[in-house]
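In: quick one: sequence plus predicted model below, questions after.
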Amino acid sequence: MEFLDRHDEMRRLDSALRGPAAFAVIWGRRRVGKSRLLLEWCHRHNGLYTVADQSAPAVQRRYLAAAVAGRFPGFDHVDYPDWRAFLSRLAAAATAANWPGPLVLDELPYLVAADPAIVGVLQDWLDAPGRRPTFVTSGSSVRVMHGAILDGGAPLYGRASQAFAVRPLRAGYLGDIFPHASPLDLVRAYAVWGGMPRYWELAEPFGVDIAAAVDTLVLDPAAPLHDEPYRLLQSELPPAMALRPLLDVIGNGASRVSEIAGRLGRPASSLAGPLASLAEMGLVRREIPFGSNPKSGKRSLYRIADPFLRLWFRVVAPNRAALAEAPRETRLSYWRKHRSALEGEAWEELCRMASATLHRAETPLQGYGPFEPAQRYWRGGEPELDVVARSLDGRLLLVGEAKWSASPAQGPMDADHVPGTSGMEVVPVLFKPKGPGGGNVVDARMVLEALR
């Protein structure tokens, strides 16, 4: 699959080459494309890419020395007794060759798990006077990256000139992978694969035949993604398998803390830490209604963050035994039972994601905005609103209804009941995947154009 987007990430990494700290950190969950980003960036700057293994420290140093020897011949002819000796020799070799870097070390958490003292050694190496190559590191275990680098008390906190998370690709780039797909087909593809580049890469050979891709890659017990959530949880350090029950109940419809706790048979007060961990890992998203205090958890809802994982916990998890024995058509029937609901949820999500940039695309909203990131609104028996966003100048309020099915719209949209919107001019928008336009109607083509 061709390398897509990542322009902002590339610019931020480029700035690390010019910064005085010459140290950058990125993180993000598995499959999001961190390694591909670093490889592409390294290639553009004559850098050296290395990746850590899950092994003993001495073996890790031997493997990394072999990788470094590709740049500095003979580097692997020495046995390094510790990380301090390894890094000192590396800095000396780079200085002798007048090589400024960058040096990329992928999956730093593997080294930290094997020898936590490496964080202090890296701290000394980065702080020491003298020349050393620009250093960039990354990790899939967000908890380890926070503990070593990102939290306020971490040894390497504040030393990076650039530190950012790599996010899923925006849905508008799906058209580059499936050039013959219609906008509706692309929304349907997003409802299965989300924005994860690795999933797009696996699905690319199937084109617009989503059913074949879903069965071959997900539903079949021998499929490469059939056990994907296990791999994601196992890749955390330490493994996060104890959090799996929360994903099961959230994936099957429990969204309030009290409801999640009831299904698990646990006190609600015991879930704050596990839910925060899942959110930190990018597996669960906490939602609050538009206009609510972000620090208040009273009306929070928790949802599976990734469309692919929503599909997995809705379709695969409850039917593991049946899928093991079922023929292809039966397996697909389980997916088709939930397909429309999953697509509708993905469509709503895309509409909210696109709202902040609709004014930049060829849409009826070109004369409005820009708007802040959109949220949903709900409260008791009041009308629920799918898309609510405030303009940056505070004068306008975008109020949208996202309709995936052919059912009629709910009628006039207003925000009189939404707190904090008094005096604002309401811009009503109907989001529907296709069909006649007129007025502020935004279709799938427009949404995807705004998400590039």
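Out: Ah, there it is.
In: count of neighbours near L126?
Out: The number of residues packed near L126 is 17, by other Cβ atoms under 10 Å. Quick note: C-beta positions are derived from backbone N, CA and C, even for glycine.
In: low-scoring stretches of this structure, by residue?
Out: 19-21, 407-412 (pLDDT under 70).
In: show me where it has strands.
Out: Here the chain has its strands, by DSSP state E, at 23-27, 48-51, 103-106, 135-139, 162-165, 284-287, 301-304, 375-377, 385-390, 396-402, 425-431, 441-442.
In: can you tell me which of these is nearest to S355?
Out: Taking Cβ to Cβ, strand 385-390 is the member of the strands of the chain nearest to S355, at 4.7 Å.
In: what comes into contact with that closest one?
Out: Outside strand 385-390, the residues that touch it by Cβ atoms under 8 Å, 6 or more residues apart in numbering are 290, 348, 351-352, 355-356, 371-378, 396-402, 413, 415, 418, 421, 424, 429, 431.
In: just the buried members of the residues you listed?
Out: 290, 348, 351-352, 355-356, 371-372, 374-378, 396-402, 413, 415, 418, 421, 424, 429, 431 (16 or more other Cβ atoms under 10 Å).
In: show me the contacts for D82.
Out: Counting by Cβ under 8 Å, 6+ apart, D82 makes contact with P57, V121.
In: what does Y377 give?
Out: If you count contacts by Cβ under 8 Å, 6+ apart, Y377 has them with P289, F290, G291, E384, L385, V388, A415, V418.
In: export the strands of the chain as a markdown table, with columns for distance to Q366.
Out: Formatted as a markdown table, the strands of the chain follow (distance: least, Cβ to Cβ, whole Å):
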| stretch | distance to Q366 |
| --- | --- |
| strand 23-27 | 34 |
| strand 48-51 | 42 |
| strand 103-106 | 41 |
| strand 135-139 | 38 |
| strand 162-165 | 30 |
| strand 284-287 | 29 |
| strand 301-304 | 31 |
| strand 375-377 | 23 |
| strand 385-390 | 16 |
| strand 396-402 | 13 |
| strand 425-431 | 12 |
| strand 441-442 | 11 |
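In: looking at those, which is nearest to V112?
Out: strand 135-139 (8.3 Å).
In: surely L202 and V218 touch.
Out: No. Look at L202 against V218 with Cβ atoms under 8 Å: they stay out of range, at 9.6 Å.
In: mind listing the shared neighbours of the two?
Out: L225.
In: tell me which of these two has more neighbours.
Out: The neighbour comparison of L202 against V218 (other Cβ under 10 Å) goes to V218, with 25 against 20.
In: which parts of stretch 134-152 are buried?
Out: Residues 134-150 are the ones in stretch 134-152 that count as buried (16+ other Cβ under 10 Å).
In: narrow the residues you listed to those in helices?
Out: V142, R143, V144, M145 (DSSP state H).
In: name the nearest of the residues you listed relative to T95.
Out: The closest of those to T95 turns out to be M145 (Cβ to Cβ; 28.4 Å).
In: residues in contact with the closest one?
Out: The neighbourhood of M145, defined by Cβ under 8 Å, 6+ apart, consists of V25, W27, L108, P109, G139.
In: redo those as TSV? Include distance to L90.
Out: TSV is the format used below for these (distance: Cβ to Cβ, whole Å):
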residue	distance to L90
V25	18
W27	23
L108	15
P109	20
G139	20
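In: mind picking the two most distant members of those residues?
Out: Farthest apart among the contacts of M145 - using Cβ to Cβ - are V25 and P109, which lie 11.8 Å from each other.
In: quick check, nearest of the ones in helices among the buried residues of stretch 134-152 to A181?
Out: Using Cβ to Cβ, V142 comes nearest to A181 of those, at 32.5 Å.
In: show me what contacts the closest one?
Out: Contacts of V142 (Cβ under 8 Å, 6+ apart): W27, G28, R29, E236, E280, M281, G282.
In: go again using 7 Å as the cut-off
Out: V142 makes contact with W27, E280, M281 under the criterion Cβ atoms under 7 Å, 6 or more residues apart in numbering.
In: ranking by neighbours, what's the top pick from these?
Out: When neighbours are counted by other Cβ under 10 Å, W27 leads the contacts of V142 with 24 neighbours.
In: and the gap between that residue and R328?
Out: The gap separating W27 from R328 is 38 Å, by Cβ to Cβ, to the nearest Å.
In: cool, V218 as well?
Out: From V218 over to R328 (counting by Cβ to Cβ), the distance is 12 Å.
In: cool, and T95?
Out: 60 Å.
In: counting neighbours, what do you get for D106?
Out: Neighbour count for D106, taken as other Cβ under 10 Å: 20.
In: quick one, helices of the stretch 201-350 of the chain?
Out: 210-214, 228-234, 244-251, 257-264, 272-280, 307-311, 320-325, 328-354 (DSSP state H, counting those that start in this stretch).
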